[in-house]
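Trainee: give me a 3D structure for the following:
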Amino acid sequence: MKDTDLGFIHRFVPPNSNAKEAMPTLLLLHGTGGNEDDLIPLGKELAPNASILSVRGKVLENGMPRFFRRLEEGVFDMEDLKKRTDELAEFIVKSSSAYKFDPGSVIAIGYSNGANIAASVLLRRPEVLAGAILFRAMVPFIPTIMPDLSKKSIILLEGLYDPIVSKAEAQSLLELFTKTQSSVTLKWQNSGHNLTQEDIVAAKKWLESDSNL
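Mentor: Residues are numbered from 1 along each chain as shown. Purely as a prediction, here's the structure:
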């Protein structure tokens, strides 16, 4: 199902009707140049019974969809990031009403640019997410006042040889989420910026062991 009435081009996949228990909704957020279809196979692999809300970023960079503007590689347009973070948060709220899913059980799964906007939502609008799986994320911004994320669970999956996200940057993001009192884990992958099968295995294990499923 595709819809733009809620503010973003997106797809919603209902939960498996045979699921014995209430399932979370996975919010899928693609990387630069992706779209709302890219991560759906990943979402289904991670949580076959969950509902899926997959979103296309509204910003274009050389024709490639993104979730917020950047001034150059690794340098974010902070005003645009703030605006786009609020837009995405409002979209999640509207979608929970439109598609009848629990707004308190949304887990963001973001890759690269999508992981960065998810991190921004956690820091700026934490009420709309229960937790997040962040693949190759950077520090989006540093809040003046740290939000209380003590009830949020987060896993950071970073590449040891990532040319875009340095080890120091990944460590800084871990430290930032630690300061928010969240339950945060950093897992290094033997890869670059690309996703690997090991990422999928680690993410699925985290979902299951963290009682998010």
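Trainee: which SS state does residue 11 fall under?
Mentor: strand (DSSP: H, G, I helix; E, B strand; the rest coil).
Trainee: can you get me a residue count around residue 120?
Mentor: 26 (other CB atoms under 10 Å). The way it works is simple: take the backbone N, C-alpha and C, and place the C-beta from them, glycine included.
Trainee: shouldn't it be within a helix?
Mentor: Yes - counting by three-state DSSP, residue 120 is found in a helix.
Trainee: would you enumerate the residues in contact with the spatially closest residue to it that is not a sequence neighbour?
Mentor: Spatial nearest neighbour of residue 120, excluding adjacent residues (CB to CB, 6 or more residues apart in numbering): residue 140 at 3.9 Å. For residue 140, the contact set (CB atoms under 8 Å, 6 or more residues apart in numbering) comprises 76, 81, 116, 117, 119, 120, 123.
Trainee: rerun at 6 Å
Mentor: 116, 119, 120 (CB atoms under 6 Å, 6 or more residues apart in numbering).
Trainee: try residue 27
Mentor: Residue 27 neighbours (CB under 6 Å, 6+ apart): 53, 106, 108.
Trainee: and residue 108, how far from residue 72?
Mentor: Going from residue 108 to residue 72 by CB to CB, to the nearest Å gives 25 Å.
Trainee: those two - which one has more neighbours?
Mentor: In terms of neighbours (other CB under 10 Å), residue 108 is the more surrounded of residue 108 and residue 72; the figures are 28 against 6.
Trainee: hey, what's the more buried one bridged with?
Mentor: residue 27, residue 132 (DSSP bridges).
Trainee: one more: residue 66?
Mentor: Beta-bridge partners recorded for residue 66 (DSSP bridges): residue 59.
Trainee: give me the buried positions along the helix or strand hosting residue 91.
Mentor: Using DSSP states H and E, residue 91 sits within helix 78-99. Neighbour-count burial for helix 78-99, with 16 or more other CB atoms under 10 Å as criterion, is recorded at 80, 81, 84, 85, 88, 89, 91, 92, 95, 96, 99.
Trainee: circling back to that earlier point, residue 195: which of the contacts of residue 140 is nearest?
Mentor: Lowest distance from residue 195 to these (CB to CB) belongs to residue 116, with 15.2 Å.
Trainee: tell me who's in contact with that closest one.
Mentor: Applying CB under 6 Å, 6+ apart, the residues near residue 116 are 137, 138, 140.
Trainee: output those in JSON lines; the columns should cover secondary structure.
Mentor: JSON lines is the format used below for the contacts of residue 116 (three-state DSSP):
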{"residue": "137", "secondary structure": "coil"}
{"residue": "138", "secondary structure": "coil"}
{"residue": "140", "secondary structure": "coil"}
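Trainee: what helices or strands is the helix or strand hosting residue 205 leaning on?
Mentor: Assigned by DSSP H and E, residue 205 belongs to helix 197-209. Applying 3 or more CB pairs under 6 Å, 6 or more residues apart in numbering; DSSP states H and E, one finds that helix 197-209 contacts strand 183-189.
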